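>>> Build me a structure from this.
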Amino acid sequence: MANTGDLVRNVTASLDSYDISGACDELRSYLDMLTNWYVRRSRQRFFDENVDAFDALYTALEAICRVSASLLPLVSEEIWRGLTGGRSVHLADWPDASLFPSNPELVEAMDRVQQICSTGSSLRKAANLRVRLPLQELTVVAPGADALEGFAAVVADELNLRSVRLMDASSASPEEFGIEQKLVVNARAAGPRLGKNVQQAIKGSKSGDWSVNDGVVVAGGLELEPHEYTLETVVAQSADGGAAAAAVLPGGGFVVLNTEVTPELAAEGLARDMVRAIQQARKDAGLNVSDRIHTSVQAAQDVVDALQANAELVKTETLTLELEVLLASVDEPQVTVAKAGA
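Numbers count the residues shown, from 1 in each chain. Next up, the predicted model:
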């Protein structure tokens with residue numbers, strides 16, 4: 001709700017100054033947060049018919065319709081009338097931002113959590129590690145990390161991690177984690193401005209004769225424009241000698257993802273893949289998402305081992321009362337589900 005109040009204030013300010021583009025940007029950013037964060041993160045609460053979750057979503061959607069009425073007149077009208085049963089959103093009052101709770105600290109912390117999750121997700125993709133494959137640990141080194149302590153479980157759940165370690169930037173440095181930054185000069189972009197001196201900048205970037213001060217990059221004694229270079233973050237070696245990937249956070253600090261996949265993690269990832277297959281079989285059989293089921297799986301040895309090692313996880317995630325796992329010579333696992341008691 002704090003974000004919704006900020007939306008009303010920001011869109012009001014933009015429209016009062018005739019900044020239509022700014023108002024649209026505020027609305028787009030808010031809708032992205034609402035759909036790709038709040039709704040997605042609250043799916044289980046919706047499945048459980050949590051009244052508070054529905055109330056918060058209703059309040060947000062109703063306010064969005066009134067805020068966006070002048071920008072999206074037809075869509076806002078259709079949604080608002082469906083929500084409220086009212087005559088027209090264009091006859092409703094403009095939302096009062098003061099009626100929404102204000103909590104800038106919480107909003108800032110959640111924005112930081114989203115940045116961490118987005119950065120961690122990018123590291124997973126770069127390492128070709130699918131989302132259903134659990135990983136051991138993500139280390140977050142950032143200013144004011146203590147304020148994120150209550151959200152470590154959110155990050156762990158979002159990125160499918162066993163643990164999240166938070167460290168304040170004042171107590172750790174990139175060098176401790178084997179993190180190095182590499183400067184790459186874009187000769188094609190910098191050449192027209194620097195002329196033959198571009199080779200001096202390139203030589204400086206390769207020899208380590210470069211620095212970053214207050215966001216300004218200097219290589220070989222020459223100051224570079226933002227479009228003339230890229231800064232790459234690389235991990236020379238993780239703290240424990242295992243595989244790792246790292247990235248700098250937009251607001252300062254960095255994250256280090258342990259990318260080592262142990263046999264135990266691989267088995268759990270395979271079991272989670274089978275959870276999706278079982279849920280698809282449930283859908284194909286026309287069963288309700290809340291139905292308790294009996295599940296039978298015929299699969300190769302690796303899948304059988306993974307299911308047996310993670311049987312409770314699979315049964316809990318799929319509402320399976322009885323899980324039968326059979327070894328079979330098949331290329332793809334064969335899944336059969338039936339409603340319990342049928």
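
>>> My read is that residue 41 contacts residue 155, right?
No - Residue 41 lies out of contact with residue 155 (Cβ atoms under 8 Å); the separation is 11.4 Å. Just so you know, the C-beta spots here come from the backbone N, C-alpha and C atoms, and that holds for glycine as well.

>>> Could you check which of those two has the larger neighbour count?
Taking other Cβ atoms under 10 Å, residue 41 and residue 155 do not tie; residue 155 has more neighbours (21 against 13).

>>> nearest spatial neighbour of that one, skipping sequence neighbours?
In space, and not counting its chain neighbours, residue 155 is closest to residue 164: 4.9 Å by Cβ to Cβ, 6 or more residues apart in numbering.

>>> How about the secondary structure of residue 247?
With DSSP: H, G, I helix; E, B strand; the rest coil as the basis, residue 247 sits in strand.

>>> Who are the contact partners of it?
119, 122-123, 233, 254-255 (Cβ atoms under 8 Å, 6 or more residues apart in numbering).

>>> Quick one, grab the pLDDT at it.
Note for residue 247: predicted pLDDT of 84.

>>> doesn't residue 128 fall inside a helix?
No - counting by three-state DSSP, residue 128 is not part of a helix but coil.

>>> Give me the residue ranges of this structure where confidence is low.
Where the chain drops to pLDDT under 70, the residues are 175, 235-242, 342.

>>> quick revisit: let's see which of the contacts of residue 247 end up in strands.
Among the contacts of residue 247, the residues falling in strands (DSSP state E) are 233, 254-255.

>>> Neighbour-wise, which one of those leads?
Of the ones in strands among the contacts of residue 247, with other Cβ under 10 Å as the count, residue 255 tops at 27 neighbours.

>>> do you know how far residue 283 is from residue 230?
Using Cβ to Cβ, to the nearest Å, one gets 44 Å for the distance from residue 283 to residue 230.

>>> And for residue 170?
Counting by Cβ to Cβ, the gap from residue 170 to residue 230 is 28 Å.

>>> Repeat that for residue 313.
Distance from residue 313 to residue 230, by Cβ to Cβ: 41 Å.

>>> With neighbour numbers in mind, choose between these two.
With neighbours defined as other Cβ under 10 Å, residue 313 and residue 230 compare such that residue 313 has more, 15 against 12.

>>> Compute the number of surrounding residues for the nearest residue to that one once chain neighbours are set aside.
Of all residues not flanking residue 313 in the chain, residue 271 sits nearest, at 6.0 Å (Cβ to Cβ, 6+ apart). Number of residues near residue 271 (other Cβ under 10 Å) recorded here: 22.

>>> Residue 271: which element?
helix 263-284 (DSSP states H and E).

>>> Tell me which other helices or strands that helix touches.
Packing partners of helix 263-284 (3 or more Cβ pairs under 8 Å, 6 or more residues apart in numbering; DSSP states H and E): strand 293-299, helix 301-309, helix 311-318, strand 334-339.

>>> where exactly do the helices run in the stretch 51-200 of the chain?
In the stretch 51-200 of the chain, the helices defined using DSSP state H, counting those that start in this stretch lie at 51-68, 73-84, 104-126, 152-159, 187-194, 198-207.

>>> Name the residue most distant from the centre of this protein?
Most distant residue from the mean C-alpha position of the chain: residue 196, 43.3 Å away (Cα atoms, centre = their mean).

>>> returning to what we had before: closest to residue 146 out of the helices and strands packed on helix 263-284?
helix 311-318 (31.9 Å; Cβ to Cβ).

>>> now the angle from the closest one to helix 301-309?
80 degrees (axes from the mean of the first three to the mean of the last three Cα atoms, to 10 degrees).

>>> Give me the buried stretch members for helix 311-318, please.
314-315, 317-318 (16 or more other Cβ atoms under 10 Å).

>>> go on, stretch 315-334?
So, applying 16+ other Cβ under 10 Å, buried residues of stretch 315-334: 315, 317-320, 323, 325, 333.

>>> related to what we said a few turns ago, contacts for the helix holding residue 271?
So helix 263-284 is contacted by 130, 132-136, 261, 289, 291, 293, 295, 297, 299, 302-303, 305-307, 309-310, 313-314, 317-318, 320, 333, 335-337 (Cβ under 8 Å, 6+ apart).

>>> and it, how far out from the chain's middle?
21 Å (Cα atoms, centre = their mean, to the nearest Å).
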